[in-house]
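[1] Attaching a predicted model along with its sequence, questions to come.
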Amino acid sequence: MPTRYIGRADHSNKIFASIIPLLTMHAKMSSIPFALASLGVFSSSRAQDLPPGVSSPLAAACGPSGNIVCVDRYASVLPYHFFRASGAANGTQGPGFEATSVPNDTSFGLISRADFIIYDKKRGLEILGSHPTYDFVFEVSAAVHEAPVWVPSLNKLFLSQLAPPPGYLPQLVVDLNQDPPTLSEYLSDPAVYAPNGGTFYDGLIYWGASGGNNSIGGTEQRTGIRTLDPHTNQTKVLLNNYFGYFFNCVDDLFVDPADGSVWFTDPQYSWFNKLTDTPPQLKAASYRFDPATGETIVVDDSLSQPNGIALSPDGKHVYISDTGAVSGSVVVHNGSPFNQTGTRAIYKYDRTDGGKHITNRRPIFYAYNGVPDGLKVAENGYVVTGTGSGVDVMDSAGGVILRIQANYTVQNFAWVGPNLTEFWMIGQGGISRVRWDLKGQDLAKVKSL
């Protein structure tokens, strides 16, 4: 993939991620159909290779730069003998769509080398604009990186690093005032253990704190909702229990500008991944918290592992992703292996009861790479999600428009800059930047109405 590497990091806990084993595994998986062909399992008949309805070429360079590829008709008919490997029995995810073996259409190879894959040409090129760029800015550790929040008054992007190493308390901050940007550690007062979700509201950073430990850093930390004043460095606990029970893992959140309520998801990943010292006490669910009264009400408990959560710009709909395909045991810490046939979807809900509840759940997107982790809605209503080694952009009905490809697993992202057209992606092993025409919602102007 053509990628520019820029930036510098001042990060004492940097552990460089290695993607060589993953690439090796993908290469081995991709060779399977060729091996089968050599054994005579696949026919070599060209007539059979091109079923009625197939179009060729499947992919072609398009747009204003060479790193953009358009896919014809979503590659809905592939020439035989195509093959895409599933995830391994040990819980490792399989290769992405771009690594599908399509030996009878060499144009398909363009997809794996592109930064941007367009499925809907008209809308995709509108999103990218006239000068789209993708830059790999920082190489970071192989730990999960989450909760990116841009603070306009400081022009800094705050984000978190989860374990490993265990018990890691500092967050990270990208200083966008520098050219190139710099990356350094940041420690709030009191420190917040493992922020997993983040948003900006009324001058404060809202964090979903996913860590639970009774002695980390000399303090007790429990899962819940915390705020950070980025100018004073002071944090405050807004919520840390549900009628005495510990929350599992406050994963992602948003603040409703209509009333200041905080909506959040509570999957069980903190236990799976050893970020909390207590087994789950609650079923995985999603909640609405009212800071004015302290009331917490459940809004949905139908999903296996609710993860990303976002509000539509008009306030009428809520989107929640279910990443149950990545799950583990509630009895022992054994990580969260990937289940090929597990749930990895985004659901859309309608708001009812004066906006306090949601109903009419329906799936709109089934992730074709990885699971839908980070989830946000652009200013125009397009839904954006981090899936595997990239980001997918879809319309409000779930129609995929384009994909950004990265060389690392993307957990989350945030829009920054005066025009909110600069888009930062963060994850395991990397932080990158996209410049395009898709605008984010202006969270700095979101206040109680």
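    That came through, no problem.
[2] which secondary structure element contains Phe264?
    Using DSSP states H and E, Phe264 sits within strand 262-266.
[3] if we look at the following helix or strand past that strand, which residues are touching it?
    For strand 262-266, the following helix or strand on the C-terminal side (DSSP H and E) is helix 269-272. Contacts of helix 269-272 from elsewhere in the structure, counted by C-beta atoms under 8 Å, 6 or more residues apart in numbering, are 194, 196, 210-212, 223, 248-249, 251, 275-276, 278-280, 305, 327-330, 333-336. The way it works is simple: take the backbone N, C-alpha and C, and place the C-beta from them, glycine included.
[4] Partner strands of the strand holding Phe264 and their direction?
    Applying DSSP bridges, strand 262-266 is found paired with strand 253-255 (antiparallel), strand 285-289 (antiparallel).
[5] picking that back up, out of the contacts of helix 269-272, which sit inside helices?
    Within the contacts of helix 269-272, no residue falls in helices by DSSP state H.
[6] Would you mind checking the residues you listed for buried ones?
    194, 196, 210-212, 223, 248-249, 251, 275-276, 280, 305, 327-328, 336 (16 or more other C-beta atoms under 10 Å).
[7] just these now: which is nearest Phe423?
    For these, the residue nearest Phe423 by C-beta to C-beta is Asn196; the value is 20.1 Å.
[8] Ramachandran coordinates for the closest residue in space to the closest one that isn't next to it in sequence?
    Using C-beta to C-beta, 6 or more residues apart in numbering and skipping residues adjacent in sequence, the residue nearest Asn196 is Ser210, 3.8 Å away. When read as degrees, to the nearest 10, the backbone of Ser210 gives phi -100, psi 0.
[9] How about Arg123?
    Per-residue torsions, Arg123: phi -70, psi -30 (degrees, to the nearest 10).
[10] tell me the pLDDT at the residue nearest to Asp252 when sequence neighbours are not counted?
    Among residues not flanking Asp252 along the chain, Gly197 sits closest, at 3.7 Å (C-beta to C-beta, 6+ apart). With respect to pLDDT, Gly197 scores 96.
[11] Do you know the pLDDT at Asn360?
    pLDDT for Asn360: 98.
[12] Same check on Gln93?
    We have a pLDDT of 86 for Gln93.
[13] if I read this right, it contacts Phe338, doesn't it?
    Yes - using C-beta atoms under 8 Å, Gln93 is in contact with Phe338, at 4.6 Å.
[14] hey, what's in contact with both of the two?
    Taking C-beta under 8 Å, 6+ apart as the contact criterion, the common neighbours of Gln93 and Phe338 are Gly87.
[15] Can you pull out the low-pLDDT segments for the stretch 251-400 of the chain?
    By pLDDT under 70, the low-scoring segments of the stretch 251-400 of the chain are 331.
[16] now the strands for it?
    Taking DSSP state E, counting those that start in this stretch as the criterion, the stretch 251-400 of the chain contains strands spanning 253-255, 262-266, 285-289, 296-300, 306-311, 317-322, 345-352, 357-366, 372-377, 383-387, 390-394, 400-405.
[17] Distance to His231 for those - can I get that in a markdown table?
    Converted to a markdown table, those look like this (distance: least, C-beta to C-beta, whole Å):
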| stretch | distance to His231 |
| --- | --- |
| strand 253-255 | 19 |
| strand 262-266 | 21 |
| strand 285-289 | 24 |
| strand 296-300 | 28 |
| strand 306-311 | 26 |
| strand 317-322 | 31 |
| strand 345-352 | 33 |
| strand 357-366 | 34 |
| strand 372-377 | 24 |
| strand 383-387 | 29 |
| strand 390-394 | 30 |
| strand 400-405 | 32 |
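[18] is it possible to export these to a markdown table including distance to Ala99 and mean neighbour count?
    Formatted as a markdown table, the strands of the stretch 251-400 of the chain follow (distance: least, C-beta to C-beta, whole Å; neighbours: other C-beta atoms under 10 Å):
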| stretch | distance to Ala99 | mean neighbour count |
| --- | --- | --- |
| strand 253-255 | 33 | 25 |
| strand 262-266 | 30 | 26 |
| strand 285-289 | 33 | 22 |
| strand 296-300 | 34 | 17 |
| strand 306-311 | 24 | 26 |
| strand 317-322 | 23 | 26 |
| strand 345-352 | 22 | 19 |
| strand 357-366 | 18 | 15 |
| strand 372-377 | 19 | 25 |
| strand 383-387 | 14 | 26 |
| strand 390-394 | 12 | 24 |
| strand 400-405 | 11 | 24 |
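[19] that older thread, the inter-axis angle of the strand holding Phe264 versus strand 372-377?
    On the basis of axes from the mean of the first three to the mean of the last three C-alpha atoms, to 10 degrees, strand 262-266 is oriented at 170 degrees to strand 372-377.
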